[in-house]
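# with the sequence up front, the predicted model follows.
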Protein chains: 2
Amino acid sequence: MTTVVALGGNALIQAGDRGTAAEQAGRLREAAASLAPLFDEPRVVITHGNGPQVGNELLRQERAADEVPPLPLYLAVAQTQAEIGALIETELGPVAGRPVACLLTHVVVAENDPAFGRPTKPIGPFYSAEQAGVLEHQRGWPLVEEPGRGWRRAVASPSPLEVVELEQVRALLDAGAVPIACGGGGIPVVRRDGRLHGVEAVIDKDRASALLAAALGAERLLILTDVPSVKRGFGTPAEEVVRELTAGEAEALAPELAEGSMRPKIEAAAAMARAGGEAIITALDRVEDALAGRAGTRVAD
Amino acid sequence: MTTVVALGGNALIQAGDRGTAAEQAGRLREAAASLAPLFDEPRVVITHGNGPQVGNELLRQERAADEVPPLPLYLAVAQTQAEIGALIETELGPVAGRPVACLLTHVVVAENDPAFGRPTKPIGPFYSAEQAGVLEHQRGWPLVEEPGRGWRRAVASPSPLEVVELEQVRALLDAGAVPIACGGGGIPVVRRDGRLHGVEAVIDKDRASALLAAALGAERLLILTDVPSVKRGFGTPAEEVVRELTAGEAEALAPELAEGSMRPKIEAAAAMARAGGEAIITALDRVEDALAGRAGTRVAD
């Protein structure tokens, strides 16, 4: 049994946190106890998001641009793989009982993906509507609203097509390590003239995780977030918890879920089910219950 | 035959460059042709420095500190492993003829290493003596002079003791990849209470490379820099090129070489020779000649 575990942003930064390295390490240390049951299995791969971190890094690049040259977004994504990978190694290593090792991972996207024309992926800090207006004007950012939480800078989020370092992830797994891979959805690249070229985007980490899981032949994809289950009719009188879905049912439910939040998770889960595996969406602190079938939303055919 | 190749800073940034990502990629592409003969061998590991890049990243962290929390130096080192690793993968992949994959690498140092009390490792941009005085006063930086080139910010550089991800580097090598490891000397950590803790330092990449080479059982360490050979009596009438040294001769020569420049290279080469391998110090564009015994300074017992 191979399991790919996609850690949500709340494994590192929660509401009210500033997102310092010490805070992120502390959040991961809290999460480690919940994640421990995962490591009863011998083959586990960890993936993670990078929304807050890549937004912060991009701000750093821009703020210091008069003194040192700013790096492009794809290298800021690379930087967050290292920042977060180092924190995960340090904090989950002691509970994993085996080496945890972070592999820099590139993910190929299509140069003509229509997502390049429509920024949807929120990154960095949250702003008020008023601040958002100022930033849009002063810095030229596109921004998107996350209902109830505020406005954030938005970047393009093309579809992941291929994990470049797939065989190296497999080699680490075969050698008994817990690879950390596809961080922040992977470093986005296109193939052109037999070479890789970085592009300005942030790939959705759940979709990249489903791609990785399917390519590895993993049986299970665990998508960890801040709610125990997916809900149908969220915020309406007919709201109900969803515990089991087929791939087709998940695909039918997707359009009613929030873009950039639960929608990519259910789409990733559906893709995993289509590839012959199962996907479970649940809360970080419900891992043990979810593995025992007592919590979460399970998608499988 | 396993070869560890330590790329010097000039593989990425040369005098007069601003150090943009495009410039660094261009320098690596120029270097790729010189490095191609290396890949005739099946087992090659790439290491690299990060002096300019980690200094730049630290500046970014500090300049944006009023808007997003700055990361500590050890995570800035991690970030440069990803920045440079991604560039190396993209530019050397096409000449390597096999996958090039960057593994985040931690290197253990001693908590009581005396180097923590004496910053010697130059990072970031070069400054004039006048600018250096201002920066020392305004930002509280220690600075060191690199004779003939200017002043740079300095950080502690403790001795590398252990490569944490050694077995994962070996697994990637065994799987037919070219691992990029120990970037920027590795992410500096100490072991305390069975955990890794990041520390404020930048490890010398040549010393870390020698440690990695010896631990892997590599037969050869190639240290690439901007001069074709080591010189004895540099800048004096008795100046002479050194072509062959034993470990003991290299250790005897070390004190007369520049700290933070040629001295750590000859010390690393001596350590490699003591471990039973051979080390060659040469220029990036003399790799083919050095492998054929026609260039470089070779240290072996």
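In hand now; what should we look at?

# near chain B, which residues of the stretch 101-250 of chain A?
Residues of the stretch 101-250 of chain A lying close to chain B by CB under 8 Å from any CB of the partner chain are A:101-104, A:106, A:124-125, A:165, A:167-168, A:171-172, A:174-175, A:177, A:180, A:187, A:189, A:194-198. Every residue, glycine included, has its C-beta placed from N, CA and C.

# from the residues you listed, keep the buried residues only.
Those of those that meet the buried threshold are A:101-104, A:106, A:124-125, A:165, A:167-168, A:171-172, A:175, A:177, A:180, A:187, A:189, A:196, A:198, by 16 or more other CB atoms under 10 Å in any protein chain shown.

# surely residue A:27 is in contact with residue A:9?
No: Residue A:27 is beyond contact range of residue A:9, at 9.8 Å (criterion: CB atoms under 8 Å).

# where do the helices sit along chain A?
Along chain A, the stretches classed as helices by DSSP state H are A:21-35, A:51-63, A:73-96, A:129-139, A:166-174, A:205-216, A:247-253, A:262-274, A:287-291.

# kindly present these as CSV, with separate columns for mean pLDDT.
Converted to CSV, the helices of chain A look like this (pLDDT from 0 to 100):
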stretch, mean pLDDT
helix A:21-35, 95
helix A:51-63, 93
helix A:73-96, 97
helix A:129-139, 92
helix A:166-174, 98
helix A:205-216, 98
helix A:247-253, 97
helix A:262-274, 96
helix A:287-291, 95
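
# want to throw the ones you listed into CSV with distance to residue B:33?
Conversion of the helices of chain A to CSV gives the following (distance: least, CB to CB, whole Å):
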stretch, distance to residue B:33
helix A:21-35, 40
helix A:51-63, 30
helix A:73-96, 24
helix A:129-139, 40
helix A:166-174, 25
helix A:205-216, 33
helix A:247-253, 49
helix A:262-274, 41
helix A:287-291, 50
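
# about what we covered before: who has more neighbours, residue A:27 and residue A:9?
Taking neighbours as other CB atoms under 10 Å in any protein chain shown, residue A:27 and residue A:9 compare with residue A:27 leading, 21 against 18.

# show me where pLDDT drops low in the stretch 101-250 of chain A?
Filtered on pLDDT under 70, the stretch 101-250 of chain A yields no residues whatsoever.

# all strands for it, in order.
A:106-108, A:121-127, A:143-146, A:150-155, A:162-163, A:178-180, A:187-192, A:195-198, A:220-225, A:230-232, A:240-242, A:244-245 (DSSP state E, counting those that start in this stretch).

# the first one - contacts with which helices or strands?
Which is strand A:106-108. Packing contacts for strand A:106-108, counted by 3 or more CB pairs under 8 Å, 6 or more residues apart in numbering or on different chains; DSSP states H and E, involve strand A:162-163, strand A:187-192.

# try the fourth one
Taking 3+ CB pairs under 8 Å, 6+ apart as contact, the helices and strands that strand A:150-155 lies on are helix A:51-63, strand A:121-127, helix A:129-139, strand A:143-146.

# point out the most buried one among the ones you listed.
For those, the largest average neighbour count (mean count of other CB atoms under 10 Å in any protein chain shown) is found in helix A:51-63, namely a mean of 24.

# and that one, anywhere near chain B?
Yes: contact of helix A:51-63 with chain B (CB under 8 Å from any CB) involves A:56-57, A:59-61, A:63.
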